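Asks: Structure, please.
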Amino acid sequence: MINWKNLDTLASFKALEDLPHVDLKAEMSGDKGAERVRNYSVPMAEGLSYNFAAKAVNDDVLAALQKLADEAQLEDKFAELYNGGMVNTGEKRYVLHHLCRGQLGNDVIADGQNKREFYVEQQNRIAAFAKKVYSGEIANEKGEKLTTVVQIGIGGSDLGPRAMYLALENWAKANGKLKMNAKFISNVDPDDAAAVLNSTDVAHALFILVSKSGTTLETLTNETFVKNALKKEGLDPSKHMIAVTSEASPLAHNEGYLDAFYMDNYIGGRYSSSSAVGGAVLSLAFGPETFAEFLEGMAAEDKTAKETDIRKNPAMLDALIGVYERNVLNYECTAVLPYSQALSRFPAHLQQLDMESNGKSVNRFGEAMNYKTGPILFGEPGTNGQHSFYQLLHQGTNIVPLQFVGFRKNQCGMDDVIEGSTSQAKLCANVAAQIVAFATGKDDENPNKRFAGNRPSSIIIGDQLTPRTLGALLAHFENKVMFQGFAWNINSFDQEGVQLGKVLAKKVLAHQTEGALAAYSDLLNI
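Replies: This is a model prediction of the structure:
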């Protein structure tokens, strides 16, 4: 039987609090540090590994975290999720994004359909559509091929798919896999849509409107913006648009679109990159086969999340170390630092994934909690971040746990030996040096040049960023967020905090305002 209990009621958590804190600086110095790097590593799927040598943990802390995982029934709760349990208690919905890339457990039947079969059907429909676009069977009014795809969406309909596209764009070019260039419109700010449209040959563009409900204000506003731009060019919008939506939305079975591909209420926006939300744009851009490889990488990493031993389950271990840092060591933030330019928007996607999921102050039963939940998350790719906010990370008054991501090889195959080493070697040297510098610091008589050390970090390392490794990387973080939500006894799958501002904005536009809202409306001349 599964018991949903608050973190601070668990005996294992109280035992974890009583353990002495680890002196990371001492642990990572000399031969002892080298031994930790070799031993504190967990294999991931697709040749990746999660190395936590520079985290402020030792064998005693790891043993306590294992007991916490067992008492909190983290693996049982994961099984409840992928077997079709109603774990989204806030919205009374299933959570089924894992079914988009494989089946970890039983058949899940909802709304009278097998959901795994439903998601596969949409993938197959998208694949068939993409091939018709490539062949010219689906073309513009003049019979000319469509060469650019533009996704219109916001939040999870933009951040994840955009981050995944950028992560694979150079890989696709280097490997002859780029079928169509992709662009994205998200912000209701008209300058966003205008900038994309002004740089796009709209006569040869296919637009994807993504809205589960078919009523999202920002998305529908941008749809009208795009349709008006097409009409000004003498083009028929219905020949240039498809929809990704729910079968019950007004966008479904609509003659205003070439076709519609479907999602459902059981996949939250921030978890939707493996659904039709990401599948349409990524399949069109890189080919359905590449998207299938991405899904296979996710499925392979999902399987590791079924392990009960945290030393064999990288997502659960990463999650529990994060709980330890948040609730015992009292760290407020986390920085995600990919040493790969291709992952330039990956931190932004993880920001939504983590903060929208676990930014909660009540438990899954609506009761206030006495402990902290999701951290503030931020990040930039290295080495850019080193010349930006690393000053605070090294010497600031707040200790910020760090999550590095690195690859031994670049994607494009272009590199040169400059001053005795390649650019990729310099990149890898920087990430290795930063990990050690954060952990061990540096003594100096000059206080301004003194580094205290004891700044924890981990790294996910792989050979090269490919569709499979990208899929495994994304699944790792999705599962990490899920396990942390289970540990904190919160619902990681609703987002009521997103809704209030939307409601008030509609009141402003309808001139139904009073008090401060009316004053701000006047200030902005609305």
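Asks: helices or strands next to the helix or strand that contains Phe78 in the packing?
Replies: Assigning secondary structure by DSSP states H and E places Phe78 in helix 74-82. Counting contacts by 3 or more CB pairs under 8 Å, 6 or more residues apart in numbering; DSSP states H and E, helix 74-82 packs against helix 467-488. For the C-beta atoms, the positions are set from N, CA and C on the backbone; glycine is no exception.
Asks: now the helix it packs on: how far from the chain's centre is it?
Replies: 8 Å (CA atoms, centre = their mean, to the nearest Å).
Asks: ok, Lys409 touching Ser423?
Replies: No - at 11.7 Å, Lys409 does not count as touching Ser423 under the criterion of CB atoms under 8 Å.
Asks: returning to what we had before: I'd like the mean pLDDT over the next helix or strand after the helix holding Phe78, please.
Replies: Using DSSP H and E, the helix or strand that directly follows helix 74-82 along the chain is strand 109-110. On average, the pLDDT along strand 109-110 is 96.
Asks: outside of strand 109-110, which residues touch it?
Replies: 84, 94, 96, 115, 264, 266 (CB atoms under 8 Å, 6 or more residues apart in numbering).
Asks: again with stretch 11-30
Replies: Contacts of stretch 11-30 (CB under 8 Å, 6+ apart): 7-8, 32-33, 36, 53-58, 60-61, 64-65, 67-68, 70-72, 324, 327-329, 436, 439-441, 453-456.
Asks: List only buried entries from those residues.
Replies: By neighbour count, with 16 or more other CB atoms under 10 Å, these hold 7, 33, 36, 53-58, 61, 64-65, 67-68, 71-72, 324, 327-328, 436, 439-441, 453-456 as buried.
Asks: So which of those residues belong to helices?
Replies: Those of the buried ones among the contacts of stretch 11-30 mapping onto helices are 33, 36, 61, 64-65, 67-68, 71, 324, 327, 436, 439-440, per DSSP state H.
Asks: re the thing from before, looking at the contacts of strand 109-110, which is nearest Ala130?
Replies: Asp264 (21.5 Å; CB to CB).
Asks: The closest residue to the closest one other than its chain neighbours - how many residues pack around it?
Replies: Distances taken as CB to CB, 6 or more residues apart in numbering place Ser246 nearest to Asp264, at 6.0 Å, with adjacent residues excluded. Neighbour count of Ser246, defined by other CB atoms under 10 Å: 16.
Asks: And for Glu380, the neighbour number?
Replies: Counted with other CB under 10 Å, residues neighbouring Glu380 total 19.
Asks: where's it relative to Gly322, distance?
Replies: Distance, Glu380 to Gly322, using CB to CB, to the nearest Å: 20 Å.
Asks: Secondary structure class of the residue of the chain most remote from its centre, three-state.
Replies: In terms of distance from the mean C-alpha position of the chain, Glu445 ranks first, at 42.9 Å (CA atoms, centre = their mean). Classification of Glu445 using DSSP: H, G, I helix; E, B strand; the rest coil returns coil.
Asks: what's the pLDDT at it?
Replies: So Glu445 comes in at 96 (pLDDT).
Asks: and it, how far is that from Tyr371?
Replies: From Glu445 to Tyr371 the distance is 41 Å (CB to CB).
Asks: Next: Ser457.
Replies: Following CB to CB, the distance that separates Ser457 from Tyr371 is 24 Å.
Asks: who's more crowded, these two?
Replies: A direct count of neighbours by other CB under 10 Å for Ser457 and Tyr371 places Ser457 higher, at 26 against 13.
Asks: so how far is Thr440 from that one?
Replies: Applying CB to CB to Ser457 and Thr440 gives a distance of 12 Å.
Asks: isn't Phe129 right up against Tyr257?
Replies: No - the criterion here is CB under 8 Å, and Phe129 misses it with Tyr257 at 11.5 Å.
Asks: Assign Phe184 to helix, strand or coil.
Replies: Assignment for Phe184 (three-state DSSP): strand.
Asks: Please tell me I have it right and it contacts Ala163.
Replies: No - the criterion here is CB under 8 Å, and Phe184 misses it with Ala163 at 10.0 Å.
Asks: could you pull out the helices for the stretch 351-500 of the chain?
Replies: For the stretch 351-500 of the chain, helices defined by DSSP state H, counting those that start in this stretch occupy the ranges 390-395, 423-440, 467-488, 499-509.
Asks: For Val417, find the nearest of those.
Replies: Nearest to Val417, of the helices of the stretch 351-500 of the chain and by CB to CB, is helix 423-440 at 8.7 Å.
Asks: what's the closest one in contact with?
Replies: Against helix 423-440 from outside (CB under 8 Å, 6+ apart): 24-25, 28-29, 33, 54, 337, 339, 382-383, 386, 390, 393-394, 402, 404, 406, 408-410, 415-416, 421, 451, 453-457, 459.
Asks: ditto for stretch 316-325
Replies: 7, 16, 42, 50, 52, 55-57, 61, 65, 68-69, 74-75, 305, 307, 310-311, 331, 334, 375, 401, 456, 458, 476, 479-484, 487-488.
Asks: Which strands and helices lie in contact with the worst-scoring helix or strand of the chain on mean pLDDT?
Replies: Least confident helix or strand, the chain: helix 499-509 with a mean of 82, by mean pLDDT, DSSP states H and E. Secondary-structure packing of helix 499-509 (3+ CB pairs under 8 Å, 6+ apart): helix 217-232, helix 515-523.
Asks: looking at the ones you listed, which one has the lowest mean pLDDT?
Replies: helix 515-523 (a mean of 87).
Asks: CA atoms only for that one, dumped as PDB, please.
Replies: Extracted C-alpha coordinates of helix 515-523, given in PDB (Å, rounded to 0.1, in the frame of the first residue of the first chain):
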ATOM      1  CA  GLY A 515      -8.100  49.400  -7.500                       C
ATOM      2  CA  ALA A 516      -4.500  48.700  -8.300                       C
ATOM      3  CA  LEU A 517      -5.400  46.700 -11.400                       C
ATOM      4  CA  ALA A 518      -7.200  49.700 -12.800                       C
ATOM      5  CA  ALA A 519      -4.300  52.000 -11.900                       C
ATOM      6  CA  TYR A 520      -1.800  49.800 -13.700                       C
ATOM      7  CA  SER A 521      -4.100  49.500 -16.700                       C
ATOM      8  CA  ASP A 522      -4.100  53.300 -16.900                       C
ATOM      9  CA  LEU A 523      -0.400  53.500 -16.500                       C
END
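Asks: any idea of the angle that helix forms with helix 499-509?
Replies: Here helix 515-523 runs at an angle of 60 degrees relative to helix 499-509 (axes from the mean of the first three to the mean of the last three CA atoms, to 10 degrees).
Asks: Of all the residues in helix 515-523, which ones are buried?
Replies: Ser521.
Asks: swap in stretch 406-423?
Replies: In stretch 406-423, counting by 16+ other CB under 10 Å, buried: 406-407, 410-411.
Asks: May I see these arranged in CSV, with pLDDT and distance to Asn222 as well?
Replies: What follows is these, written out as CSV (pLDDT from 0 to 100; distance: CB to CB, whole Å):
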residue, pLDDT, distance to Asn222
Gly406, 97, 36
Phe407, 97, 34
Asn410, 94, 35
Gln411, 94, 31
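Asks: which one of those residues is nearest His204?
Replies: For these, the nearest to His204 is Gln411 (26.6 Å; CB to CB).
Asks: now the closest one: how far from Val417?
Replies: Taken as CB to CB, the span from Gln411 to Val417 is 19 Å.
Asks: Same check on Ala163?
Replies: Going from Ala163 to Val417 by CB to CB gives 31 Å.
Asks: which residues sit in contact with Asn491?
Replies: Neighbours of Asn491 in contact, by CB under 8 Å, 6+ apart: 87-90, 360, 364, 485.
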